[in-house]
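Peer 1: Everything below, folded, please.
(3 chains)
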Amino acid sequence: MSQATRLDPRQFLARKSFIELNARERAQALMDQGTFRELLGPFDRLESPWLPMQGVVPQADDGVIVARGRIGGKDSVILAIEGKFQGGSAGEVSGAKMTATLDLAHEDATRGRPVQVVLLLETGGVRLQEANLGLEAIAEINSSLVALRQHVPVIGVIAGMVGCFGGMSITASLCSYLIMTREARLGLNGPEVIEEMSGIEEFDARDRQLIWGVNGGEQRHATGFADDLVEDDVEAIKKCIIEAFGRGLPSKHRSERVDDYLKRLAAIDVSHQLESGALRKLGWKEESL
Amino acid sequence: MEILTFEYPVSQPVEHRAHVGVVGSGDLEVLLEPSSDQNAHVRVSTSVDGFDNVWKLVLDRFFSRYQGAASIEIHDFGATPGIVTLRLEQAVERSQS
Amino acid sequence: MSFEQTISTRGRTWFEALAGKHAKLVPSVPSVLVADTTLQKDRVRFLAVVPDSGNRFPCARQGQVGLQEGWNLAKQVRDAIQADEKGEKRAIVAIVDVPSQAYGRREELLGIFLAAAAATDAYVSARLAGHPVISLLAGHAISGGYLTHGAQSNRLLAFNDPGVMIHAMAKKAAALVTRRSVEELDKLAEKVIPMSYKVEDYAKLGTLYKLIDGVNVDSPEAKHVEQVRADLLAAIADARSGQRDLSSRLHGARKHRSATLEVRRRLAEQWNAG
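Peer 2: The predicted structure follows:
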């Protein structure tokens, strides 16, 4: 778990926004110069078989970029989700690209050819136009991720502005290390869905302060759900990824700390609505209480 | 969703294929590849129906300047003519670099 | 609560039918039923998530999978993994009837996504450790609830029954989000199979091990329970003889999931090239 990084004024002026880049550009920016190689790119035309039949225009890569290359000199693969295409939602093909990549990386890892895997998560979860195949895809991604991270760390990055919601928030939480920006958000259910399902008292979806106070990167980092908080800057994010890989496998993944979290839940009074600062006061940022 | 096709006689070869853009709201992606014959072929999938005249105008103007024998595929999600032209020009630039 | 949730008893019905009405429950929370028993000679741990009107979390009182459910499922599965570490791996059977995940502010603040990840992790880890992990889809298996409890099994069994609904989002909610009527969604699902709410359409996607016919799911007779026990035993044996990953879910993919197979084939080709 690292301290939040802040840039000095010169660094701030020189920074290059990661958020402003599209998914392909993000993957290119993170790979070492000249090492980026895209697999199953747009010219392979592996598009959604389901969108055109509903009159929805497909994207030639179905919204997921698979890129091999090197990060900090080490063999790496990046799975970058394009948040601007259908909200980054998981469909049959986009999901299969992710699962297949994790499986091939797993094969390599078990044969002594470890490759670092980075997930750039910009997604609202399942693509409703593909419903059950999107749902199945996420289940398979999660399964392959757990298998892979027995051998090599898997790094998740949520930069914004879509954030990471729905079934893929589970994926994010299965990562060995999770990096977020302040602008990013992480949650299982989006504010609108909570308001719809449980009422405006439960969650006012127009209250931006509430939204970032619950789901925002700073909150998630301060309460132990994300490992690193970084500036929206290409170099800062790349540096953080390299540093995170350098930590090696965590002694216990966040999703394995069952007794610890059961204790935390037992210790908290949930008979009334909670405010965002409550968890910080209880020290939820620490690795174990 | 509408699918529109256009053809233009051209005179230059295309150096290499290029891709630009994202199928996001108000945007489009362009896939540009060498054509198999002496014509340029354009296939447009667009989320907005009823604008075939506008597409024709934009593409006629584009091919009055560009002479590459390109096979162009466009996936459009409601981009303005200005953005369409921009992406086409970006694709051409990348195919020549 | 602004959204009506009908409370289903199928989870408890099938838990009691299969584990035995007087089965000794493993200590847990009221919303997560756990029992260890045997099916013929096979040791089995049954798990079900059920409604609990007294749940600490008001948004998780109607069978939704929330914080307590996620973390307690994780604990119960991990306890089984640890207990069987040096010996024979018992089967783990998830009885699934979950309307969804829990939708609440407390849930989001306290990291329901991590609770879901913990249960997911535990089920996958059990599978990878050699435990047969089986799901019996007896009612609803929706979205985050299903991803947390049921989706990670070696073998999926589902009743061929109108009350069995596997989907990414409850119909009413999906209609709201996509701005279509429920009737329009049904019409669309006739053409777009993965959008269907019918279990016989779900079966076409090829992920199910078995679609169980001829059972009264709400009030099963003794012979129905016997049939399901036999089906579970067959699934357990099949799982023990197979892979520990989810590759068996692709065996039926050719018809309606061929793009998935194409992606896997071509990625493998390109992985080392260049």
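Peer 1: Okay, strands next: where are they in chain B?
Peer 2: B:2-9, B:18-21, B:27-34, B:39-46, B:70-77 (DSSP state E).
Peer 1: let me fix that: chain A
Peer 2: Going by DSSP E, chain A shows strands at A:37-39, A:64-71, A:74-81, A:116-120, A:154-158, A:177-181, A:228-230.
Peer 1: closest to chain C out of those?
Peer 2: strand A:37-39 (4.5 Å; Cβ to the nearest Cβ). All C-beta spots, glycine's among them, are computed from the backbone N, C-alpha and C.
Peer 1: Nearest residue to the residue in chain A that chain B sits nearest to in space, please, no chain neighbours.
Peer 2: Relative to chain B, the nearest point of chain A is A:Lys84 (3.3 Å; Cβ to the nearest Cβ). Nearest residue to A:Lys84 in three dimensions, chain neighbours excluded: B:Gly24, at 3.3 Å (Cβ to Cβ, 6 or more residues apart in numbering or on different chains).
Peer 1: got it, and C:Arg43?
Peer 2: Leaving out its chain neighbours, C:Arg43 is closest to C:Arg90 (Cβ to Cβ, 6+ apart), at 3.9 Å.
Peer 1: do the same with C:Ala234
Peer 2: Here the residue nearest C:Ala234, using Cβ to Cβ, 6+ apart, is C:Lys210, at 7.9 Å.
Peer 1: show me what contacts that neighbour?
Peer 2: C:Arg155, C:Leu157, C:Ala158, C:Asp231, C:Ala234, C:Ala235 (Cβ atoms under 8 Å, 6 or more residues apart in numbering or on different chains).
Peer 1: Count the residues that sit near the closest residue to chain A within chain B.
Peer 2: For chain B and chain A, the shortest gap (Cβ to the nearest Cβ) falls at B:Gly24, measuring 3.3 Å. Residues near B:Gly24, counting by other Cβ atoms under 10 Å in any protein chain shown, number 20.
Peer 1: packing partners for the longest helix seen in chain B?
Peer 2: Using DSSP state H, we find that the single longest helix of chain B is helix B:81-96. Packed against helix B:81-96 by the contact rule (3 or more Cβ pairs under 8 Å, 6 or more residues apart in numbering or on different chains; DSSP states H and E) you find strand B:18-21, strand B:27-34, helix B:52-65, strand B:70-77.
Peer 1: Quick check: the gap between the residue nearest in space to the middle of chain A and A:Val157.
Peer 2: Centrality entry for chain A: nearest residue to the mean C-alpha point is A:Leu121, 3.4 Å, by Cα atoms, centre = their mean. Applying Cβ to Cβ, to the nearest Å, the value for A:Leu121 to A:Val157 is 7 Å.
Peer 1: And for C:Tyr103?
Peer 2: For C:Tyr103 relative to A:Val157 (Cβ to Cβ), the value is 26 Å.
Peer 1: how about the strands in the stretch 1-150 of chain C?
Peer 2: C:32-39, C:42-49, C:91-98, C:133-142 (DSSP state E, counting those that start in this stretch).
Peer 1: For those, could you give me JSON lines that also reports mean neighbour count?
Peer 2: Formatted as JSON lines, the strands of the stretch 1-150 of chain C follow (neighbours: other Cβ atoms under 10 Å in any protein chain shown):
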{"stretch": "strand C:32-39", "mean neighbour count": "19"}
{"stretch": "strand C:42-49", "mean neighbour count": "24"}
{"stretch": "strand C:91-98", "mean neighbour count": "29"}
{"stretch": "strand C:133-142", "mean neighbour count": "27"}
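Peer 1: Ignoring the adjacent residues along the chain, who's closest to the residue of chain B found nearest chain C?
Peer 2: Proximity of chain B to chain C (Cβ to the nearest Cβ) peaks at B:Met1, 14.2 Å away. With Cβ to Cβ, 6+ apart as the criterion, B:Met1 has its nearest non-adjacent residue at 4.0 Å, and that residue is A:Gly55.
Peer 1: Give me the residue ranges of chain A where confidence is low.
Peer 2: Low-confidence segments of chain A (pLDDT under 70): A:1-7, A:11, A:288-289.
Peer 1: Could I get the full set of helices for it?
Peer 2: A:9-14, A:23-30, A:92-110, A:131-148, A:168-174, A:191-198, A:208-215, A:217-222, A:234-246, A:258-267, A:277-281.
Peer 1: ok, and for the shortest one, which residues are buried?
Peer 2: Meaning helix A:277-281. A:Ala278, A:Leu279 (16 or more other Cβ atoms under 10 Å in any protein chain shown).
Peer 1: and what of stretch B:67-81?
Peer 2: B:Gly68, B:Ala69, B:Ala70, B:Ser71, B:Ile72, B:Glu73, B:Ile74, B:His75, B:Asp76, B:Phe77, B:Gly78, B:Ala79.
Peer 1: Ok, stretch C:267-274 next?
Peer 2: Applying 16+ other Cβ under 10 Å to stretch C:267-274 flags C:Leu267, C:Gln270, C:Trp271 as buried.
Peer 1: what's the answer for stretch C:55-65, then?
Peer 2: By neighbour count with 16+ other Cβ under 10 Å, stretch C:55-65 contains the buried residues C:Asn55, C:Arg56, C:Phe57, C:Pro58, C:Cys59, C:Ala60, C:Arg61, C:Gln62, C:Gly63, C:Gln64, C:Val65.
Peer 1: want to throw those residues into JSON lines with pLDDT and distance to C:Asn72?
Peer 2: Putting the buried residues of stretch C:55-65 into JSON lines (pLDDT from 0 to 100; distance: Cβ to Cβ, whole Å) gives the following:
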{"residue": "C:Asn55", "pLDDT": "95", "distance to C:Asn72": "11"}
{"residue": "C:Arg56", "pLDDT": "95", "distance to C:Asn72": "12"}
{"residue": "C:Phe57", "pLDDT": "95", "distance to C:Asn72": "12"}
{"residue": "C:Pro58", "pLDDT": "92", "distance to C:Asn72": "18"}
{"residue": "C:Cys59", "pLDDT": "92", "distance to C:Asn72": "16"}
{"residue": "C:Ala60", "pLDDT": "94", "distance to C:Asn72": "11"}
{"residue": "C:Arg61", "pLDDT": "94", "distance to C:Asn72": "15"}
{"residue": "C:Gln62", "pLDDT": "93", "distance to C:Asn72": "17"}
{"residue": "C:Gly63", "pLDDT": "93", "distance to C:Asn72": "14"}
{"residue": "C:Gln64", "pLDDT": "93", "distance to C:Asn72": "14"}
{"residue": "C:Val65", "pLDDT": "95", "distance to C:Asn72": "10"}
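Peer 1: In contact with the residue nearest to A:Lys238 when sequence neighbours are not counted, which residues are there?
Peer 2: Taking Cβ to Cβ, 6+ apart, and ignoring the residues beside it in sequence, A:Lys238 has A:Leu30 as its nearest neighbour in space, at 5.3 Å. A:Leu30 makes contact with A:Ile71, A:Ile78, A:Val118, A:Val234, A:Ile237, A:Lys238, A:Ile241, according to Cβ under 8 Å, 6+ apart.
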